[in-house]
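Colleague: can't give you the sequence, but here's the structure:
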């Protein structure tokens, strides 16, 4: 783990020396996010979102634990207990808005983190395990976010729960029994609400565990960087602290400004008004939509409207799950030896098309299931699968990447003395990034 | 191998999605969706300015008191306000004695301390606003099978909140003469009908609402502060009151937000200089990748 030139933890104060002998926790922190972790010196602000995601997880756990002290997971009183928090609990409105909008910002940060990975090829060897664990975290996050949205037991909570658990009903033969078993009844009710609350409290700690594995796996090869060229020498790196603690600190400040702007001034803008109506199994809302962060996947689910060998509903469910599971195979689908999209002209074009495609899917997923949104989401869904499963493998075979810099140092400073001499003292010829 | 399987799987999903597109496009071309009256003649709420709007908005306590009077004398005949307690009225500028008196004007369900039988008693500040009906079935039975919704959260539970409430209660029209942009409803949809017991209102999503027009004449309420009780005034006041009931902490929330944002902008500025200072020790980047 880590590079040979990594600084070593040398406690000076007697107390810290004592602690280091008995329980080297400060040493662990020093090596993980302190002076002992050498990081590429050229990371841009897109590398800020891992730290921000970690911050969001802590924020959600802290606010969530406080909310759980006042919330009652019972279908009869859940809605009223939320209003109790909003009206009677000291600063309860702040805690609840911080938690509800915290989820939205968590997903925004995670999406930027994931698309950073897409563009810079962060999923490629030797970081496949980091990527796989990341996709696991995302799946857990989706489950947690979905179950959290059910807890206020408003109209959108109830009907969202009904639609999503109904997906299991699409599985042939065993679908319906599975759906009833998952819900603890024929429709979402107290049994479902109770278990969703239990799991909503549990999963964040599972996520925290996988996050530790994610960071652990990251520290084996070390962080990737915008050139995609691996670290070669000490001049390519800077210690995490103080360089990236300072840089991430500024990023965190910008994040908090945007976050509190929404929490204090637009706290309901990301939610749906229907969720302030108590759940009513007898009244279907005009438009059942999940929170915005699920819209692209919801669009894929609804895009399949034609029976073809399998029923349309089953195609939709399969496609929706496949649209995320495909990320697991990314390290093996994209075989280009060049990581960064900066040196891959053809890949870069398709990457930007993918970004637009996902935004279009998101827009359609939040709209009524009617034309033209269905046709648009059908085209966008087709492109989504073509992109990951067909275009990426072919592009990585036929593309001629642009020349890479010899090293990170060269990319940053324009020259690398080591490059001129060659790593073994032999003159080396290298391309220039410029 | 994995890429060959991947390409096959990708082609299958894309093919089925495109197949759905072809069928959908064919259906849309040959059988275009019929325009509906709900779609063509539904109106967005008219603009409404309340003192509590905007990032610096504050409650207009006089207006909230007037709105409370409209709720009490008009809306409360059918609509409950179950998340609001009489004690909350103190936030509208009433004194403790006035809150007590206001609560006592309401009759709430109680229990006879001697016999244990259910009875009614005058409200106290700790009580919540009582429902006009004993249960939902009674509410439906009295209202042509439509249950009047609780109003505590109504401005948060509808798009455009207070504007929607204001537009809806002043928005009743005659369907026979109703026009939008020169297009008459009866010309475009001759079959459109408002069933008996429902009322035509273009601000309601399906145009026919079960609520009869609640404010019918100027002076329906006699305001304690002497304001002229026009329909426009009463509807604006009650929209303001229901904005307050939906979120009594609204103004406090924004007032808390400003110092938080101010501090964060200052702290982020410091963080920026700290970052510059730390990185100054390193040679400058010649390109940002």
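Modeller: Looks like it came in fine. The structure presented is a predicted model; accordingly, all values stated were derived computationally and were not measured.

Colleague: which residue is nearest the centroid of chain B?
Modeller: For chain B, residue B:155 is the residue whose C-alpha lies nearest the centre (Cα atoms, centre = their mean; 2.1 Å).

Colleague: and if you look at chain A?
Modeller: The structure's chain A has its C-alpha centroid closest to residue A:110; by Cα atoms, centre = their mean the separation is 3.0 Å.

Colleague: Quick check on the residue nearest to the centre of chain B: phi, psi?
Modeller: Dihedral angles of residue B:155 (phi, psi; degrees, to the nearest 10) stand at phi -80, psi -20.

Colleague: What sits closest to it if chain neighbours are left out?
Modeller: Among residues not flanking residue B:155 along the chain, residue B:161 sits closest, at 3.7 Å (Cβ to Cβ, 6 or more residues apart in numbering or on different chains). C-beta: built from backbone N, CA, C; applies to glycine.

Colleague: Quick one: residues contacting residue B:106.
Modeller: Going by Cβ atoms under 8 Å, 6 or more residues apart in numbering or on different chains, residue B:106 touches B:86, B:122, B:123, B:127, B:129, B:130.

Colleague: Give the buried subset of the residues you listed as a PyMOL selection command.
Modeller: Burial among these is assessed by 16 or more other Cβ atoms under 10 Å in any protein chain shown; the matching PyMOL selection reads:
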select buried, chain B and resi 86+123+127+129+130
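
Colleague: Most widely separated two among the contacts of residue B:106?
Modeller: Maximum pairwise distance among the contacts of residue B:106 (Cβ to Cβ): 13.5 Å, between B:122 and B:129.

Colleague: Please, where are all the strands along chain B?
Modeller: According to DSSP state E, chain B carries its strands in the segments B:107-111, B:118-122, B:179-180, B:183-184, B:199-200, B:208-209.

Colleague: before we move on, the earlier item: thought the residue nearest to the centre of chain B was touching residue B:239?
Modeller: Yes - between residue B:155 and residue B:239 a contact is recorded at 7.3 Å, counting by Cβ atoms under 8 Å.

Colleague: Give the residues shared as contacts by the two.
Modeller: Shared contacts of residue B:155 and residue B:239, defined by Cβ under 8 Å, 6+ apart, comprise B:162, B:165.

Colleague: hmm, back to that, looking at the contacts of residue B:106, spot the one nearest residue A:157.
Modeller: Relative to residue A:157, the closest of those is residue B:129; by Cβ to Cβ it sits at 24.8 Å.

Colleague: and that closest one, what is it in contact with?
Modeller: B:76, B:80, B:81, B:82, B:84, B:85, B:86, B:106.

Colleague: how close does residue B:25 sit to chain A?
Modeller: Separation of residue B:25 from chain A (Cβ to the nearest Cβ, to the nearest Å): 6 Å.

Colleague: Measure how buried that residue is and give me the count.
Modeller: For residue B:25, the neighbour count with other Cβ atoms under 10 Å in any protein chain shown is 16.

Colleague: That one and residue B:60: what is the separation?
Modeller: Look at residue B:25 and residue B:60: by Cβ to Cβ, to the nearest Å, they are 53 Å apart.

Colleague: do the same with residue B:112
Modeller: 42 Å.

Colleague: Settle it for me: which of the two has more neighbours?
Modeller: In terms of neighbours (other Cβ under 10 Å), residue B:60 is the more surrounded of residue B:112 and residue B:60; the figures are 16 against 11.

Colleague: mind pulling up the phi and psi values for that one?
Modeller: When read as degrees, to the nearest 10, the backbone of residue B:60 gives phi -100, psi 100.

Colleague: pLDDT value on the residue in the stretch 1-150 of chain B positioned nearest to chain A, please?
Modeller: Closest contact between the stretch 1-150 of chain B and chain A, by Cβ to the nearest Cβ, is at residue B:10 (2.5 Å). According to the prediction, residue B:10 has pLDDT 94.

Colleague: how about the closest residue to it other than its chain neighbours, what does it touch?
Modeller: Nearest residue to residue B:10, sequence neighbours excluded (Cβ to Cβ, 6+ apart): residue A:389, at 2.5 Å. Residues in contact with residue A:389 (Cβ under 8 Å, 6+ apart) are A:326, A:333, B:6, B:7, B:9, B:10, B:11, B:13.
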